[in-house]
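> Below is the sequence, then the predicted model.
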Amino acid sequence: MYGEGKLAIQDLAIIRERVSSPNIIIALCGLLILFDGYDLIVYGAVAPALLGEASWGLTPGMVGRAASITLFGMLLGALVAGTLADRIGRRKVIIGSLLSFSVMMIGSGLAPNFLVFEGTRFLAGLGLGALFPTVTALIIEFSPPKRKAMAYSIALLGYLAGGIISGILGMLLIQKYGWRPLMIIGGAPILLLPFFIRLIPESPEWLATKNRQTEANQIANQYRLPNPVARPVAQAGIRSLFSEGRLLPTLNAWGIHFCSLLLTFGMVNWLPTIMNKMGYDLGSALLFSVTLNLGAAVGLLIGARIADRGNVKIVVAGMFLLGACSIWLLTQVDQGLQVYGLVALAGTGTIGTQILANILVGNLYPVEIRGTGLGFSLGIGRIGGMIGPAIGGAVLGAGLAPQWNFYIFASVGAVGCVLALMTLLYRKKAD
């Protein structure tokens, strides 16, 4: 009996040690982002089915508008949450965001008409927009100093996994059960809320900026992180984004997020529909969505490995260029396996670029304004994210060839490449 009790205590100690690893925080953040990725990317899978909802009588423009409304909600959520996370902490904002978007996803699946559907999509966007920059800040602050890009990229594989799951479930469920189950599944995170409340810690770096050094040291020691150094915060809030030589880097960051989010949400929301219009059946069109995310996953890990060697700016620029070239080449190839290869490369150059762009932008700011910097950059970038789906709806609604979407997206990728290269002109004091 005594030996068994001693063994149980040792086992418990091992479990606690593993749970207290920074890797568990990266994994938990990855799970949060998986839900975020599923709930956002699933719209691309349901868009063709929404157009076929006879009782609602939707046009491509209306479907694109609903996607843009979601992203407008994300814009507002990101703007508010970044500053709020710098004031009240990362943990509270993450928990509140998770609860709100879960409830609203269920509401979207149960919507009796398109007006209610649009309203719940907007409110879901608020939660989704608030979650992403806050989780990003937490990941950066819990990651090993020389592996931030890789740790963040691994966590963001959850986003891609969410997109892949949404595409697979779309292929399995839509034709037989319609689009509603896919939206309701997006509310599943509410079942795990107690789990996240118990396990998500506060950022020790943030605690140190609030003169809560004892708490900061306790969490840092628990997760085997260096004790954060308390330092006075001369200026925080929105004004700090434009002071101390940050004006041009901040504007540059906004431009990068504008381009990357336009590309990401334009491709994610409309790729299945565009490929369907180009002659592929709905099942094959949804497979392109899965391919886009798989390509992003592979390319992202390769890019992150290079970025952790101090080349994140060059990597982001190169991935923008890769996205521009592969998207343009999709207008030149009609059929065959090469189309899937180009879509995979486009995934690297769109979704993959967006993920590493967050590391680039996050590194521009010190910890006390990192949430604000990321929140505002992602918030302004959501304008691009709103324009991307609207472009798809406008092109198809005007009766233009679907390839015109690819011409526009490729041009935006080229602009993003130039903006990423411009960040080589800036050096921050905390580098």
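Sure, I can see it.
> switch to C-alpha atoms for all contacts and neighbour counts from now on
OK.
> quick one: average confidence on stretch 103-118?
Averaged across stretch 103-118, pLDDT comes to 93.
> got it, and stretch 356-369?
Here the average pLDDT along stretch 356-369 is 82.
> immediately after the worst-scoring helix or strand of the chain on mean pLDDT, which helix or strand?
For the chain, counting by mean pLDDT, DSSP states H and E, helix 2-19 ranks last in confidence among helices and strands (a mean of 44). Tracing the chain past helix 2-19, the next element assigned as helix or strand by DSSP states H and E is helix 22-51.
> Show me what that next one is packed against.
The helices and strands touching helix 22-51, judged by 3 or more CA pairs under 8 Å, 6 or more residues apart in numbering; DSSP states H and E, are helix 60-88, helix 114-142, helix 148-177, helix 180-185, helix 247-277.
> Columns distance to G393 and mean neighbour count on top of these, output as JSON lines?
Shown next, in JSON lines, are the helices and strands packed on helix 22-51 (distance: least, CA to CA, whole Å; neighbours: other CA atoms under 10 Å):
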{"stretch": "helix 60-88", "distance to G393": "4", "mean neighbour count": "25"}
{"stretch": "helix 114-142", "distance to G393": "16", "mean neighbour count": "25"}
{"stretch": "helix 148-177", "distance to G393": "20", "mean neighbour count": "22"}
{"stretch": "helix 180-185", "distance to G393": "21", "mean neighbour count": "20"}
{"stretch": "helix 247-277", "distance to G393": "8", "mean neighbour count": "25"}
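> Would you convert those into a markdown table that also reports distance to L98?
Output for the helices and strands packed on helix 22-51, formatted as a markdown table (distance: least, CA to CA, whole Å):
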| stretch | distance to L98 |
| --- | --- |
| helix 60-88 | 12 |
| helix 114-142 | 7 |
| helix 148-177 | 14 |
| helix 180-185 | 14 |
| helix 247-277 | 21 |
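> Go through those and name the closest to I25.
helix 114-142 (7.3 Å; CA to CA).
> quick one: low-confidence parts of the stretch 101-250 of the chain?
145, 230-237 (pLDDT under 70).
> Out of the helices and strands packed on helix 22-51, the one nearest P228 is which?
So among the helices and strands packed on helix 22-51, helix 114-142 is nearest, using CA to CA, at 10.0 Å.
> Distance from that closest one to the middle of the chain?
In terms of CA atoms, centre = their mean, to the nearest Å, the centre of helix 114-142 is found 9 Å from the chain centre.
> name the helices or strands packed onto that helix?
helix 22-51, helix 60-88, helix 90-109, helix 148-177, helix 353-362, helix 370-397.
> For V343, list the residues it contacts.
F288, T291, L292, G295, S326, I327, L330 (CA atoms under 8 Å, 6 or more residues apart in numbering).
> before we move on, the earlier item: between the helices and strands packed on helix 22-51, which gets nearest to L199?
Closest among the helices and strands packed on helix 22-51, using CA to CA: helix 114-142, at 13.3 Å.
> That closest one to helix 370-397, inter-axis angle?
140 degrees (axes from the mean of the first three to the mean of the last three CA atoms, to 10 degrees).
> so how far is stretch 209-227 off the chain centroid?
The answer for stretch 209-227 is 28 Å, by CA atoms, centre = their mean.
> first vs last residue of that stretch, how far apart are they?
12 Å (CA to CA, to the nearest Å).
> how about that stretch: buried residues?
T209, K210, Q213, A216, N217, I219, A220, Y223, L225, N227 (16 or more other CA atoms under 10 Å).
> ditto for stretch 412-424
Result for stretch 412-424 [16+ other CA under 10 Å]: buried residues V412, G413, A414, V415, G416, C417, L419, A420, M422, T423.
> Residues touching it, excluding its own?
Counting by CA under 8 Å, 6+ apart, residues outside stretch 412-424 touching it are 249, 252, 255-256, 259-260, 262-263, 313-314, 316-321, 323-324.
> I figured W254 hits L378, correct?
Yes: taking contacts as CA atoms under 8 Å, W254 lies within contact range of L378: 7.3 Å.
> Could you tell me which residues make contact with L248?
By CA under 8 Å, 6+ apart, the neighbours of L248 are F242.
> Okay, it and M386: tell me how far apart.
24 Å.
> just T120 next, same as before
For T120 relative to M386 (CA to CA), the value is 16 Å.
> One more: S102?
21 Å.
> State the helix or strand in which L342 lies.
helix 337-347.
> can you redo the buried residues of stretch 209-227 as TSV with secondary structure?
Converted to TSV, these look like this (DSSP: H, G, I helix; E, B strand; the rest coil):
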residue	secondary structure
T209	helix
K210	coil
Q213	helix
A216	helix
N217	helix
I219	helix
A220	helix
Y223	coil
L225	coil
N227	coil
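> and these, which two are the farthest apart?
Those two in the buried residues of stretch 209-227 that are separated most widely, counting by CA to CA, are K210 and Y223, at 19.6 Å.
> Assign a three-state SS to Q332, would you?
Assignment for Q332 (three-state DSSP): coil.
> per-residue pLDDT, it?
pLDDT, read off for Q332, is 85.
> Repeat that for D431.
35.
> Filter the contacts of V343 down to the ones in helices?
In helices, judged by DSSP state H, the following of those are found: F288, T291, L292, G295, S326, I327.
> what's the average pLDDT for stretch 49-58?
Taken as a whole, stretch 49-58 carries a mean pLDDT of 83.
> Give the buried residues for it.
Quick answer for stretch 49-58 (16+ other CA under 10 Å): A49, L50, L51.
> and which of the residues you listed is nearest to L110?
Nearest member of the buried residues of stretch 49-58 to L110, counting by CA to CA, is L50, at 13.7 Å.
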